[in-house]
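Engineer: No letters, just coordinates:
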């Protein structure tokens, strides 16, 4: 699927972003306000406007501008304007300056429209994407990534599915992959991230990465986390090649050895099972096809299986399975029902 390019935000969106930025400075931010902001930011154009405003505030030294805008409030207010919490007039002044200088700022911050992209794969599709920095990403079936490269960071969000990253080395711009409540940081390395419902796993092939849990945060820190700009994560777990980190809910991060050759076989369009319960093997195969396999017999479901199988070819898998187990297969619509032979 073609990359989706996101245009630079218009003035009205930037003004809305400035108002939100000002509201999020409140010390005791009501949860309702935060929920409203999250809903507003779900619109991609709004998210882009807020992100570019953040860059503009940093580049324009908005704290000085905020202090000058409240000149009549005295030295105390001017000093307050220099702190992280910005007053609304200062934010809006910065937004106006940003609109006037948008072309220059977009180049300086590295947030040109073509750098904000999304890629996704259809069911059964596996594809490799060449990124602007020289890195390569291979997406597995039914997966999606959002890419936001700036002058300081290479941010990628794996919104669903599985991706293998071959990262070009750049010591000045860390390569950061967010998936659910996890963040993986690398400079130049090869690793895989697999986001499943309620679980994220990171497998390191080469080099080194730091896998962190993103802590919940409110106010502007929560916003920065959502943008990949914050630091509300734990100190992280440094993985060595051949290790996998698994994050499940609030449980501690589990680090264990990984079978790299087996884990990455999907990049070749094949899946390898080694003494895997049949139910788990079927669940994995079903990821690649609309024609689903369902095990109808409890005893058959408890069997274990080993072997290498092509993805998306359910008939071949079932034919091979029938050579080793006493099964019969009934096809009902797009479903293959597997039962024990009478």
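Structural biologist: Arrived safely, thanks for sending. These numbers were taken from a predicted model, which means no experiment stands behind them. Numbers count the residues shown, from 1 in each chain.
Engineer: Helices of the stretch 51-200 of the chain, residue ranges please.
Structural biologist: For the stretch 51-200 of the chain, the helices defined by DSSP state H, counting those that start in this stretch occupy 62-69, 75-81, 88-100, 102-109.
Engineer: for the shortest one, what is the average pLDDT?
Structural biologist: It stands for helix 75-81. Per-residue pLDDT over helix 75-81 has a mean of 39.
Engineer: what does the third one give?
Structural biologist: Along helix 88-100, the predicted local confidence has a mean pLDDT of 52.
Engineer: Can you list the low-confidence ranges for this structure?
Structural biologist: 1-11, 26-29, 55-115, 215-235 (pLDDT under 70).
Engineer: How about the contacts made by the most centrally placed residue in it?
Structural biologist: The chain has residue 157 as the residue nearest its centroid, 2.2 Å off, counting by CA atoms, centre = their mean. Residues counted as contacts of residue 157 (CB atoms under 8 Å, 6 or more residues apart in numbering) are 145, 146, 148, 177, 178, 179, 228. From N, CA and C alone the C-beta is placed, and that goes for glycine too.
Engineer: what domains does the record give for this structure?
Structural biologist: When the chain is parsed with automatic domain parsing, its domains come out as 11-109, 121-261, 269-340.
Engineer: Please enumerate the strands of the stretch 51-200 of the chain.
Structural biologist: With DSSP state E, counting those that start in this stretch, the ranges of strands along the stretch 51-200 of the chain come out as 116-120, 127-130, 136-139, 144-149, 154-166, 175-179, 182-186, 190-196, 199-206.
Engineer: Select, out of these, the one closest to residue 213.
Structural biologist: strand 182-186 (6.4 Å; CB to CB).
Engineer: Mind telling me what element residue 261 is part of?
Structural biologist: Element membership for residue 261 (DSSP states H and E) is helix 260-263.
Engineer: these two touch, right, residue 305 and residue 318?
Structural biologist: No. Between residue 305 and residue 318 there is no contact under CB atoms under 8 Å: 11.8 Å.
Engineer: Quick one: the contacts of residue 157 as CSV, columns for distance to residue 119 and neighbour count too.
Structural biologist: CSV is the format used below for the contacts of residue 157 (distance: CB to CB, whole Å; neighbours: other CB atoms under 10 Å):
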residue, distance to residue 119, neighbour count
145, 5, 24
146, 8, 19
148, 13, 22
177, 13, 28
178, 15, 25
179, 15, 26
228, 17, 19
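Engineer: how about those, which pair is most distant?
Structural biologist: Spatial extent of these (CB to CB) is set by the pair 148 and 179 at 14.4 Å.
Engineer: Give me the distance between residue 44 and residue 146.
Structural biologist: Distance, residue 44 to residue 146, by CB to CB, to the nearest Å: 9 Å.
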